[in-house]
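1. Fold the following and give me the result.
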Amino acid sequence: MEMKKEKIPIFKISCMAVLYFLIVVLFPVYVRAGTKIDLFEQVTSPFISQGKYSEAIKKLDKIIKKEPGNDQAYNFRAFSFSKLGNHQRAIEDYNKAIKINPKEASYYSLRGKEYADLGNNIQAIQDYNQALAMDPNNYHNYSSRGDAYASLEDYKRAIQDYDKALEIVSEFTEGFLLLATNGTRIHCYAGRAHAYSALGDYQKAIDDYSKIIDIELIDKGLPKDSAFLGLSYFFRGYAYSMLGNHQQAIADFNEAIRLKPDDVDAHKNRGLAYSMLGQYQRTIEDFNKVIRIKPDYALAYVFRGSTYGILGQHQRAIEDYNKAIEINPGDPFVYRGRGDAYIALGKEAQAVEDYKVAARLGDKYSQDILDRQAHQKENILKLTCSILGFEKLFIVKIKKKTVNGFSANITESRIDWNQSDLRMAIDRYTGQITATYDDGGGPSFGRCSKASEKKF
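-> Model (predicted):
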């Protein structure tokens, strides 16, 4: 069973996010601004620090009306809009703050974050560039720009930015600064690991996930059952799987499942790893669990059905493929899998119908099966005619086009092309060999006889 490559998301580190913003971003700007109104006393303490962002916006509306030139008021209101998910309004407020105070680097980086949240990573990078030109040692901006590059799949530049951010935070080795920057370390290691995985360098990805696990295990600020810890084990396990180290992958998936017993992805990937080791019963047990957790997960039925097929339980495989088709009728590979199961049970007509559907849905492998089948039938007819002394096989090409192009389709009732003993087939058809075509409009074979050739 093939281990499918998954798109691995970048971790979203939210730990201490508000505290970071207040201490690292807002407070220094607030001090530099020398604002007349005490925004910390009137807005931050009673509203923002309590998560009351709508109330903060109402208060800031009044402050801005009194002090329209107060860039910090726009800054605080933009932050509040952002926390409520209104990124466009946040950008508008950062635009106003920058117009008032264009020399404040943090406004560009904060606006860049809003652009990134809206998926406009190119504009986000431009803002991070501006912020870094003004504040070249800001590790947060390198980390954020790395995220933007990764979102654009420019993984080499992303790695360079994560490297730079990690280089800067490496200077903080003890005390509060070490604890405060551990979130950034985890974020950068995770982002860099994702980039390495995308580039196929799974060993370097494993090294970075191992560093995350080390930080999380020793960081007293994070619980031992941290969700980040479980994700780290999961993604490291995935990287081990991609390197073919399925035993180590299973060990990591075990840890991920221990920390989150209902983790569908961990069970799924552990099941695939068991399959790669030939432990098919354990594979089925994991996919049973996946289906109990997420009964509408079509892929789980596909994988379990495939495993049943490996074990020779083809009817159970068909039942799983039926369920997968019921959930997701547009997946060509499910039809191909069910077709293979039908072939194993000797139900060739049903198999051909499934291969046709799979081919229509874009599965080239199924189309190849149909083409090989048609070619095999044609060759048997030619050989049969030759043995019986017929002069040649006459072929009429039908002009009607089909979705899959021309293909020779000989009805099963006319010649038993699966017989291992060709003589048996010849003995059954000693008078006249006829090949017909289906409604698809493929090539039609003429009737062969010693005396003459005749078109349909």
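2. where exactly do the strands run in this protein?
-> 395-396, 444-445, 447-448, 453-454 (DSSP state E).
3. and Ala148, how many neighbours?
-> With neighbours defined by other CB atoms under 10 Å, the count for Ala148 comes to 25. Where you see a C-beta, it was placed from the backbone N, CA and C, and this is true even at glycine.
4. wait, Asp371
-> 16.
5. ok, now how distant is it from Ala317?
-> Remark: distance between Asp371 and Ala317 (CB to CB, to the nearest Å) = 25 Å.
6. same deal with Tyr189?
-> 41 Å.
7. Quick one: low-confidence residue ranges for the stretch 1-150 of the chain.
-> Within the stretch 1-150 of the chain, the segments meeting pLDDT under 70 span 1-37.
8. Please repeat the previous calculation with a cut-off of 50.
-> By pLDDT under 50, the weakly predicted segments of the stretch 1-150 of the chain are 5, 7-24, 27-34.
9. For the stretch 151-300 of the chain, which segments are assigned as helices?
-> 155-169, 175-198, 202-218, 227-242, 246-259, 264-276, 280-293, 298-310 (DSSP state H, counting those that start in this stretch).
10. Distance from the first one to the middle of the chain?
-> When you say that, I think you mean helix 155-169. Put simply, helix 155-169 sits 24 Å off its chain's centre (CA atoms, centre = their mean, to the nearest Å).
11. ok and it relative to helix 175-198, angle-wise?
-> Going by axes from the mean of the first three to the mean of the last three CA atoms, to 10 degrees, helix 155-169 is angled at 160 degrees with respect to helix 175-198.
12. ok so, going back, higher neighbour count, Tyr189 and Ala317?
-> For Tyr189 and Ala317, the more surrounded residue by other CB under 10 Å is Ala317, and the numbers stand at 27 against 24.
13. so which of the helices of the stretch 151-300 of the chain gets nearest Phe40?
-> Nearest to Phe40, of all those, is helix 175-198, at 19.3 Å by CB to CB.
14. the inter-axis angle of that closest one versus helix 202-218?
-> On the basis of the same axes, to 10 degrees, helix 175-198 is oriented at 150 degrees to helix 202-218.
15. Ile325: which of the helices of the stretch 151-300 of the chain is closest?
-> Nearest to Ile325, of those and by CB to CB, is helix 298-310 at 8.2 Å.
16. Can you tell me which helices and strands the closest one packs against?
-> Other helices and strands packing on helix 298-310, by 3 or more CB pairs under 8 Å, 6 or more residues apart in numbering; DSSP states H and E, are helix 264-276, helix 280-293, helix 314-327, helix 332-344.
17. The first one - what's its average pLDDT?
-> When the per-residue pLDDT values of helix 264-276 are averaged, the result is 98.
18. Packing partners of it?
-> helix 227-242, helix 246-259, helix 280-293, helix 298-310.
19. Would you mark the buried spots in it?
-> Buried positions in helix 264-276, judged by neighbour count with 16 or more other CB atoms under 10 Å: 265-276.
20. what does it contact?
-> With CB atoms under 8 Å, 6 or more residues apart in numbering as the contact definition, helix 264-276 has outside contacts at 1, 3-4, 6, 230, 234, 237-238, 241, 244, 246, 249-250, 253-254, 256-257, 260, 280, 282-287, 289-290, 293-294, 297, 299-300, 303, 307, 310.
21. same thing with stretch 241-253?
-> Residues contacting stretch 241-253 (CB under 8 Å, 6+ apart): 3, 5, 197, 202-203, 206, 233-234, 236-238, 240, 266-267, 269-270, 272-274, 276-277.
22. Can you list the buried residues in that stretch?
-> For stretch 241-253, a neighbour-count test (16+ other CB under 10 Å) marks 241-242, 245-246, 248-253 as buried.
23. likewise stretch 138-157?
-> Within stretch 138-157, the residues that count as buried by 16+ other CB under 10 Å are 138-151, 154-155, 157.
24. Same check on stretch 112-132?
-> For stretch 112-132, the buried set under the neighbour-count rule, 16+ other CB under 10 Å, comprises 112-116, 120-121, 123-128, 130-132.
25. I would like the C-alpha coordinates for it, written out in CSV, please.
-> Presented in CSV, the C-alpha positions along stretch 112-132 are these (Å, rounded to 0.1, in the frame of the first residue of the first chain):
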residue,chain,number,x,y,z
GLY,A,112,2.1,42.5,6.8
LYS,A,113,0.5,40.0,9.1
GLU,A,114,-3.0,41.2,8.2
TYR,A,115,-2.1,40.8,4.5
ALA,A,116,-0.8,37.3,5.2
ASP,A,117,-4.0,36.4,7.0
LEU,A,118,-6.0,37.5,3.9
GLY,A,119,-3.7,35.3,1.7
ASN,A,120,-1.9,38.2,0.1
ASN,A,121,1.5,37.0,0.9
ILE,A,122,3.3,39.0,-1.8
GLN,A,123,2.1,42.3,-0.2
ALA,A,124,2.9,40.8,3.2
ILE,A,125,6.5,40.2,2.2
GLN,A,126,6.8,43.8,0.9
ASP,A,127,5.7,45.0,4.4
TYR,A,128,8.1,42.7,6.2
ASN,A,129,10.9,43.9,3.9
GLN,A,130,10.1,47.5,4.9
ALA,A,131,10.0,46.6,8.6
LEU,A,132,13.3,44.7,8.4
